[in-house]
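Colleague: what's the 3D shape of this:
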Amino acid sequence: MTIRLVLPVLVAVVLPVAALRAQAQFTLLASFVERGTNNPVETMTSADVSVTEDGLPATVVKVEPVVRSVKVQVLIDNGAGIGRNIGELRNGLRGLLDALPPDVETTLVTTSPQARFLVRASKNRDELRKGADRLAPDSGGGRFIESLKEAAERANKDKDAFAVIIAAGTTSGDTRILESDMQQALEQVGRKPMIVHVLLYAGERSSSGGVNQVEVGERAAQMTGGRYEFVNGMSRYTTLLTELGAEVAKQVSGNTRQFRVTVQRPDGKRGELGKVSISSTSKTVSGLWRE
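Modeller: Purely as a prediction, here's the structure:
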């Protein structure tokens, strides 16, 4: 499972052993920011990057820029957990959309009674706002885990884009989710670089499935360097939606430009790869993925 770490104040990032397979060469996908300003780095060379395996220096063969578009999916629980607060949810969704960059393709998906497109992928802000206005309540429970899995699957099929998923859920729903369902959702999240932000509201209707949303939400956010928030009040929930939109706007510039780092393993290294780390003498590593 690929793990992305967002560490804006550190110089080096380490990948776990489980993320790597044995081979003579391997490639990493990394993003860098200028130290002190956190502005995205436009150019990098092999001389700017150091890679080690189990503390031994590896050879950086080449560093290539990779420019990708950013696509956002917003998963919205409109079910029993929201209840009479649907108007506030619409307001929060509008705030989120207004905070996103205008040129970012965005998809809106409702999760109750099942995952359904409210607005398919679009850059048309008017169309997206009209979608927010159409948001309607449903009496069923939100399918948080199922919707997250499907969103990650869509992201994995789009090889040329960097995906950001904002999962705005509640603890009402997912009562019949199996452990295998939870694991499949997380496996999809870990298949390629993406960021998953999770916002959970403690629902208007209690549900035994709430622990499932919390567990999967926390893990998905942690795996991808996303933000996880659990709140008890609807007013804070809607405010956080706008905050997440603004946070994604900042992240967009940092993830459209990444660098593919091709690495030759240290002399004598055979079999399964050990602990791999990457650092830069002049830049800060802001993200790292195993390709």
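
Colleague: show the pLDDT at the residue nearest the centre of the chain.
Modeller: Compute the mean C-alpha point of the chain, and by CA atoms, centre = their mean the closest residue is residue 195, 1.3 Å away. Per-residue pLDDT puts residue 195 at 91.

Colleague: show me the contacts for residue 56.
Modeller: The neighbours of residue 56, taking CB atoms under 8 Å, 6 or more residues apart in numbering as the test, are 266, 269. Placement of C-beta: from N, CA and C, glycine included.

Colleague: over to residue 278?
Modeller: Per CB under 8 Å, 6+ apart, neighbours of residue 278: 12-13, 28, 30, 49-51, 261, 285, 288.

Colleague: who does whichever strand or helix holds it pair up with?
Modeller: Using DSSP states H and E, residue 278 sits within strand 276-280. Note on strand 276-280: by DSSP bridges, its sheet partners are strand 12-15 (antiparallel), strand 49-53 (antiparallel).

Colleague: what pairs with whatever helix or strand comes next after the last one, parallel or antiparallel?
Modeller: So that's strand 49-53. Following strand 49-53 in sequence order, the next helix or strand is strand 56-57 (DSSP H and E). With DSSP bridges as the test, strand 56-57 is paired with strand 49-53 (antiparallel).

Colleague: list the buried residues in the partner strand.
Modeller: Neighbour-count burial for strand 49-53 flags 49-53 (criterion: 16 or more other CB atoms under 10 Å).

Colleague: circling back: which of the contacts of residue 278 lies closest to residue 168?
Modeller: residue 288 (27.3 Å; CB to CB).

Colleague: what's across from that closest one in the sheet?
Modeller: Bridge pairing for residue 288 - DSSP bridges - gives residue 30.

Colleague: how many neighbours does it have?
Modeller: 28 (other CB atoms under 10 Å).

Colleague: do I have it right that it meets residue 29?
Modeller: Yes - the criterion here is CB atoms under 8 Å, and residue 288 meets it with residue 29 at 7.4 Å.

Colleague: now the strands for the stretch 101-250 of the chain?
Modeller: For the stretch 101-250 of the chain, the strands defined by DSSP state E, counting those that start in this stretch cover 105-110, 116-122, 161-170, 194-201, 228-231.

Colleague: contacts only, for residue 72.
Modeller: Neighbours of residue 72 in contact, by CB under 8 Å, 6+ apart: 100, 104-107, 163-166, 248.

Colleague: thinking again about what came up before, want to try TSV for the strands of the stretch 101-250 of the chain, with distance to residue 70 as columns?
Modeller: Output for the strands of the stretch 101-250 of the chain, formatted as TSV (distance: least, CB to CB, whole Å):
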stretch	distance to residue 70
strand 105-110	8
strand 116-122	12
strand 161-170	5
strand 194-201	9
strand 228-231	20
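
Colleague: which stretch among these comes nearest residue 141?
Modeller: In terms of CB to CB, the element of the strands of the stretch 101-250 of the chain nearest to residue 141 is strand 161-170, at 8.4 Å.

Colleague: so for the closest one, mean pLDDT?
Modeller: The model assigns strand 161-170 a mean pLDDT of 94.

Colleague: pretty sure the residue nearest to the centre of the chain is touching residue 223, no?
Modeller: No - Residue 195 is beyond contact range of residue 223, at 9.9 Å (criterion: CB under 8 Å).

Colleague: could you tell me which helix of the protein is the longest one?
Modeller: In the chain, assigned by DSSP state H, the helix with the most residues is helix 234-256.

Colleague: what sits up against that helix?
Modeller: Against helix 234-256 from outside (CB under 8 Å, 6+ apart): 31, 33, 40, 67-70, 72, 85, 88-89, 91-93, 95-101, 104, 162, 164, 166, 168, 193, 195, 197, 199, 201, 227, 229, 231, 286-287.

Colleague: cutoff 6 Å now
Modeller: Contacts of helix 234-256 with the rest of the structure, by CB atoms under 6 Å, 6 or more residues apart in numbering, involve 31, 40, 68, 70, 85, 88, 91-92, 95-96, 99-101, 162, 164, 166, 197, 199, 201, 229, 231, 286.

Colleague: would you format the contacts of residue 72 as a markdown table with distance to residue 141 and neighbour count included?
Modeller: A markdown table is the format used below for the contacts of residue 72 (distance: CB to CB, whole Å; neighbours: other CB atoms under 10 Å):
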| residue | distance to residue 141 | neighbour count |
| --- | --- | --- |
| 100 | 28 | 23 |
| 104 | 30 | 16 |
| 105 | 29 | 17 |
| 106 | 25 | 28 |
| 107 | 22 | 20 |
| 163 | 25 | 23 |
| 164 | 25 | 26 |
| 165 | 20 | 27 |
| 166 | 19 | 26 |
| 248 | 27 | 25 |
